[in-house]
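1. task: produce atomic coordinates for the following.
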Amino acid sequence: MLRSLRPPAHRVVRNRWLRPLIRRVTYTRWLHLLISTLVFGVWLFISEDALYVPVIALALLGFLPAMRLVEGLQARLLLSPYGYKDDASGIAVASSATWADRWRTVLWLELRLGLGMVTGRATVGLLGLSTDLALTAGGGTPGTGSLIPLPPGEGHWWYALLVPVPIAVLLAAVVGLGELMAFLARRLLGPSAAERLAALEERTEQLLERNRIARELHDSIGHALTVAVVQAGAARAAGRPEFTERALTAIEETGRAALEDLERVLLVLRESGQRPAGGRPTLADADRLLESARASGAALDGEVSGPLARVPGPVSREGYRIVQEALTNVLRHAGPVPTRVRIAVAAGRLELEVCNPLAGGGNGNVNGSGTGNGSGLRGIRERAALLGGEASAGPHGDEWRVRVGLPLDGQR
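-> Numbers count the residues shown, from 1 in each chain. Down below sits the predicted model:
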């Protein structure tokens, strides 16, 4: 019979009680509490009167914005098991930005001073009591400042059995006070509402950036692979050297453009602080995109009207990707069929439209179901929504139509 690998219940309980005593953070918290008593120690070295002066001095220091930063770093280093570089501690490392932060810092300093004095007194008193018990058990004379008066003289050997008791009480007090200090640090030195909101916004920006990179890769690489597949299939079916030569040229140009786009995306991944948006293609490069589709054998009719140069950069870049994805869908699901592309700027809006004959019940999505819910169309709708526009895709008469309208002055 196999033995259970689960430890007995009494061992689990014992380990739960003893585990804090073998953790490094228990003793760094003890050190953190004792450090605060240095304030009173320095003042007593100067003067033994007016003990309220250190309390007032700490309150005034708490109003300095940098004091919150200093205390946060020290609290992370000594109170948190995660280390001072890990945000999982719940302790902020930033200067006070509001008066609420300053008042919380003042309260933290005063509580730290009070708990530090309690810890210092308990440490000295309990260690002294343990020492006095050992002296009494050996027939010596205990100190006069012992927490508990002990009788001098011989015949008290059994006091040696009580020597570990004050030490055990001290260790329990150290664990409890350390946990209390860590809790107070998270409450008083933790991120404010404004800092939590800023962290949430930063996290949202990171997620949006990842989503944008995913769309960039899908649109650029997906378009290049679709063109290459269509060109290779058409060249093999045609069997003419001149057509094969044109197909290989188109595949080479499309692949080179895709590699440039990939390099830009990888640059964003490598250097998160640098976003070379200006290097991405815009509607000014629409001719290259249309020629790539024509090289695939599609009879493409392109119509561009309005001042494209006045289209804002973000709208122009996203508009290029929208047209690219729409043409990729045409080539992927309908093949090199006659296609109309209209790009128009008028009345403060950018209008994009891509139409092609229906082929086998629809071409607007990757699964061919005609529902228009493929990842390509989803990306088009997301791009349009981020810019405050709208997008529609679906059968229109005997054609499949992708239509997008983007405001030029309503970016979100």
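2. quick one, domains of the protein?
-> 16-191, 197-407 (automatic domain parsing).
3. give me the distance between the two termini of the first one.
-> Pointing back at domain 16-191 there. End-to-end distance of domain 16-191 (Cα to Cα, to the nearest Å): 31 Å.
4. next SSE after the helix-or-strand element of the chain with minimal mean pLDDT?
-> For the chain, counting by mean pLDDT, DSSP states H and E, helix 9-18 ranks last in confidence among helices and strands (a mean of 57). Per DSSP states H and E, the first helix or strand lying C-terminal to helix 9-18 is helix 24-35.
5. average model confidence for the host helix or strand of residue 251?
-> Assessed by DSSP H and E, residue 251 sits inside helix 241-270. For helix 241-270, mean pLDDT rounds to 71.
6. show me what counts as buried in the helix or strand just after it.
-> Counting by DSSP H and E, the element after helix 241-270 in chain order, helix or strand, is helix 286-295. Of the residues in helix 286-295, 286, 289-290, 292-295 count as buried by neighbour count, 16 or more other Cβ atoms under 10 Å. Quick note: C-beta positions are derived from backbone N, CA and C, even for glycine.
7. as TSV, these with pLDDT and distance to residue 193 would be great.
-> Shown next, in TSV, are those (pLDDT from 0 to 100; distance: Cβ to Cβ, whole Å):
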residue	pLDDT	distance to residue 193
286	84	46
289	81	47
290	84	51
292	76	51
293	76	51
294	79	56
295	73	56
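8. in a markdown table: those residues, plus distance to residue 178.
-> Shown next, in a markdown table, are the buried residues of helix 286-295 (distance: Cβ to Cβ, whole Å):
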| residue | distance to residue 178 |
| --- | --- |
| 286 | 65 |
| 289 | 64 |
| 290 | 69 |
| 292 | 66 |
| 293 | 68 |
| 294 | 73 |
| 295 | 71 |
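9. between the residues you listed, which is nearest residue 173?
-> residue 289 (72.9 Å; Cβ to Cβ).
10. nearest spatial neighbour of the closest one, chain-adjacent residues omitted?
-> residue 324 (5.8 Å; Cβ to Cβ, 6 or more residues apart in numbering).
11. the one you found: helix or strand, and which one exactly?
-> Counting by DSSP H and E, residue 324 is found in helix 313-333.
12. mean confidence for that helix?
-> Rounded mean pLDDT across helix 313-333 is 83.
13. go through the next helix or strand after that helix and flag the buried ones.
-> Per DSSP H and E, the first helix or strand lying C-terminal to helix 313-333 is strand 339-346. Neighbour counts over strand 339-346 (16+ other Cβ under 10 Å) mark 339, 341-345 as buried.
14. which one of these is nearest residue 299?
-> residue 339 (7.2 Å).
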